[in-house]
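Trainee: Sharing a model that was predicted from the sequence below.
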Amino acid sequence: MKKLMKGVVVSVAALTALAMVSCGSKKSAAVDIELWYGAAASEAGPIPADWVGYQIVKDKLNINLKLTNLPSSEADQNTKINAAGAANTLPDIFMVSNEVYSTLVSKRLLAPVDAMYAKMPNRTAKLYDADSRAFTTIDGHSYALAQPGSIVRNEGVLIRKDWLDKLGLSVPKTTDEFMAVMKAFTEKDPDGNGKNDTYGYGAFLEVSAPNEGLGRRLDPIFGAFGVAGTWDLSSAATAGLNLYKPEYYDAMVYTKQMVDAGVMDPNWLAYKKDDFRAAWKQGRFGIMREQNAAYANEGNYKPFDNNFPEGEWIVVEPPVGPKGKSSAGTYSQAYRMYAVSAKAAKEGKMDKIAELLEWMSSDEGYYLLGWGKEGENYILSNGVPTTKGLADPSKGYTESAMIPLTQLRNMVYYNGDIELASRYPTWYSKNGKEMSALKTLREMQAKAWTACIGQDKMPKPNADVKRFYEQGVVEFMTGNRALNPTEWQKFLDEFNKIGGKEWNDAGVALAKEKNFIK
């Protein structure tokens with residue numbers, strides 16, 4: 001009997017073990033996660049289909065990751081996301097601008113992410129502090145994950161020093177001196193090719209909530225008149241839209257003089273960001289406002305270096321206006337927001353999305369998304385990624401062909417010391433000049449800027465006011481509307497009539513309520 005019972009016990013144990021093995025062999029189906037991302041370098045192209053990260057995420061997290069890069073223009077991004085929201089086809093997780101964010105929340109298209117913070121302890125500690133959570137909180141709930149975006153004051157005024165030297169000119173300081181240099185760059189063949197194909201200043205319409213009107217590429221001009229950016233938040237006494245200030249009209253007049261004198265690249269109204277950057281690399285203009293890495297990183301600078309081996313840009317102070325004002329532009333802490341769709345939450349994907357994001361901020365994910373494969377795209381030197389010592393230098397993460405591999409780096413970067421040292425490595429141009437986007441950043445940050453803390457949280461104009469504002473200032477530049485005191489006042493009166501004053505008053509009230517102004 002004992003033998004029989006022993007045999008039964010063994011048989012039951014064997015069957016149980018077999019059942020456990022059988023059950024364990026049935027791996028649950030992978031979860032599909034669709035992510036729309038903002039590319040770190042839109043001009044470099046999307047993440048390749050054979051990116052190693054896809055398989056790592058599949059093997060380690062059981063996630064089928066589908067990536068779609070959003071358009072480089074924020075306006076085009078907003079259009080794409082709004083269209084997806086209207087059709088209830090938003091992806092599981094996606095980058096969203098502040099302008100569209102509140103609309104999606106009001107339409108209940110986004111899922112609250114409050115519970116996700118505790119499920120991502122490593123990532124939350126690095127990226128999501130109390131200010132970040134407050135930034136995305138509406139009616140007591142956070143509906144997006146906001147991490148530090150671009151480093152503040154990371155753009156500046158650059159000028160072609162080789163053109164100054166060729167024409168025997170000094171670095172300009174005042175608006176009058178800038179105008180003289182711009183005319184010389186346009187009329188005196190600074191590149192010596194015998195063609196009338198250069199201009200003094202290059203720009204494009206990079207309009208956003210903090211930079212309405214003609215946009216931030218012309219902020220150094222408006223800053224010379226004390227009216228950079230959309231809002232004045234310097235004090236309770238002066239708070240409001242800069243558009244109403246007499247100095248704004250003066251800045252418009254100066255800019256119109258640039259256009260009429262032909263010193264502005266005439267394509268500035270047609271350029272998109274990528275076109276603008278292609279243009280300065282082709283030597284079309286000699287003064288611009290540009291971002292430190294977009295200018296000085298090796299992969300971004302090389303086309304210019306190849307075209308103009310003896311060319312040289314330098315960072316200079318923004319122009320000083322008639323009343324002694326000077327500013328490269330406004331700044332406030334910016335956040336890059338990623339939202340989870342309500343549809344994804346309904347499908348039970350929140351935990352998997354949190355798992356994905358936490359992996360991204362692990363050592364493995366951080367280095368892969370930020371720099372590529374260790375040993376192939378970078379080597380660690382004292383904890384800092386470097387391309388020195390790679391067996392095949394052409395695969396270094398700084399090379400143009402490798403940039404698509406790190407298009408997700410903005411999802412993991414948090415502006416740490418290691419990041420900055422590796423993100424902005426020192427290299428040398430063809431004429432032997434030391435190039436460092438990090439040193440360029442420090443130079444730009446040291447120039448004159450206008451603090452406008454809270455500008456990202458200010459109320460948005462309605463569609464009619466926004467359209468009237470943006471189209472109106474352009475019409476003055478193109479000559480479709482005469483720029484004189486009478487016509488300008490008519491423009492302001494019309495602006496007020498369609499809702500401009502209400503927007504201004506709402507902004508001042510909010511700034512006082514939120515203590516943006518004292």
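Mentor: Happy to help now that I have it.
Trainee: Any stretches of the protein with poor pLDDT?
Mentor: Residue ranges of the chain with pLDDT under 70: 1-27, 515, 518.
Trainee: Please tell me how far the residue nearest in space to the middle of it sits from N292.
Mentor: Nearest residue to the geometric centre of the chain (CA atoms, centre = their mean): S150, 5.9 Å. Relative to N292, S150 is positioned 10 Å away (CB to CB, to the nearest Å). No exception for glycine: its C-beta is placed from N, CA and C like everyone else's.
Trainee: hang on, isn't G500 packed against Y469?
Mentor: Yes. If you go by CB atoms under 8 Å, G500 and Y469 touch, sitting 7.3 Å apart.
Trainee: Quick check: neighbours shared by the two?
Mentor: L243, P461 (CB atoms under 8 Å, 6 or more residues apart in numbering).
Trainee: just to revisit the earlier point, A helix includes the residue nearest to the centre of the chain, no?
Mentor: No. Read with DSSP: H, G, I helix; E, B strand; the rest coil, S150 is coil and lies in no helix.
Trainee: show me what contacts it?
Mentor: By CB under 8 Å, 6+ apart, the residues touching S150 are Q291, A334, R336.
Trainee: ok, 6 Å please
Mentor: By CB atoms under 6 Å, 6 or more residues apart in numbering, the contact list for S150 reads A334.
Trainee: For L164, give its distance to V316.
Mentor: In terms of CB to CB, L164 sits 10 Å off from V316.
Trainee: how about F225, secondary structure?
Mentor: Classified using three-state DSSP, F225 is coil.
Trainee: can you tell me how far it sits from L205?
Mentor: 19 Å.
Trainee: Those two: which is more packed in?
Mentor: Using other CB atoms under 10 Å as the criterion, F225 and L205 rank with F225 on top: 27 against 22.
Trainee: what's near enough to touch the more buried one?
Mentor: E247, D250, A251, G321.
Trainee: burial count for Q455?
Mentor: Neighbours of Q455 (other CB under 10 Å): 24.
Trainee: Quick check, it in contact with W231.
Mentor: Yes. Using CB atoms under 6 Å, Q455 is in contact with W231, at 5.5 Å.
Trainee: sorry, back to before: most neighbours among the contacts of F225, which one?
Mentor: Going by other CB under 10 Å, A251 tops these with 26 neighbours.
Trainee: list the buried ones in the strand or helix carrying it?
Mentor: Assigned by DSSP states H and E, A251 belongs to helix 246-260. For helix 246-260, the neighbour count (16 or more other CB atoms under 10 Å) marks E247, Y248, Y249, D250, A251, M252, Y254, T255, K256, M258, V259 as buried.
Trainee: got the CA coordinates for it in PDB?
Mentor: Provided in PDB are the C-alpha atoms of helix 246-260 (Å, rounded to 0.1, in the frame of the first residue of the first chain):
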ATOM      1  CA  PRO A 246       5.300 101.700 -28.900                       C
ATOM      2  CA  GLU A 247       8.700  99.900 -29.100                       C
ATOM      3  CA  TYR A 248       7.000  97.000 -30.900                       C
ATOM      4  CA  TYR A 249       6.100  99.300 -33.700                       C
ATOM      5  CA  ASP A 250       9.700 100.600 -33.800                       C
ATOM      6  CA  ALA A 251      11.000  97.000 -34.000                       C
ATOM      7  CA  MET A 252       8.600  96.400 -36.900                       C
ATOM      8  CA  VAL A 253       9.900  99.500 -38.700                       C
ATOM      9  CA  TYR A 254      13.500  98.300 -38.300                       C
ATOM     10  CA  THR A 255      12.600  94.800 -39.600                       C
ATOM     11  CA  LYS A 256      10.800  96.300 -42.500                       C
ATOM     12  CA  GLN A 257      13.900  98.400 -43.300                       C
ATOM     13  CA  MET A 258      15.800  95.100 -43.400                       C
ATOM     14  CA  VAL A 259      13.300  93.600 -45.900                       C
ATOM     15  CA  ASP A 260      13.100  96.700 -48.000                       C
END
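Trainee: Is W488 in contact with Y249, as I believe?
Mentor: Yes. The criterion here is CB under 6 Å, and W488 meets it with Y249 at 5.3 Å.
Trainee: ok, which stretches of the stretch 301-450 of the chain are strands?
Mentor: Taking DSSP state E, counting those that start in this stretch as the test, the strands found in the stretch 301-450 of the chain are 313-316, 330-331, 335-340, 379-381, 384-386, 427-428, 434-435, 450-451.
Trainee: And those strands: which comes nearest K273?
Mentor: strand 335-340 (16.6 Å; CB to CB).
Trainee: What segments of the stretch 101-250 of the chain are strands?
Mentor: Using DSSP E, counting those that start in this stretch, strands in the stretch 101-250 of the chain cover 137-138, 141-142, 145-148, 155-160, 199-201, 231-232, 240-241.
Trainee: Of all the ones you listed, which one comes closest to G479?
Mentor: Per CB to CB, nearest to G479 of the strands of the stretch 101-250 of the chain: strand 199-201, 18.1 Å.
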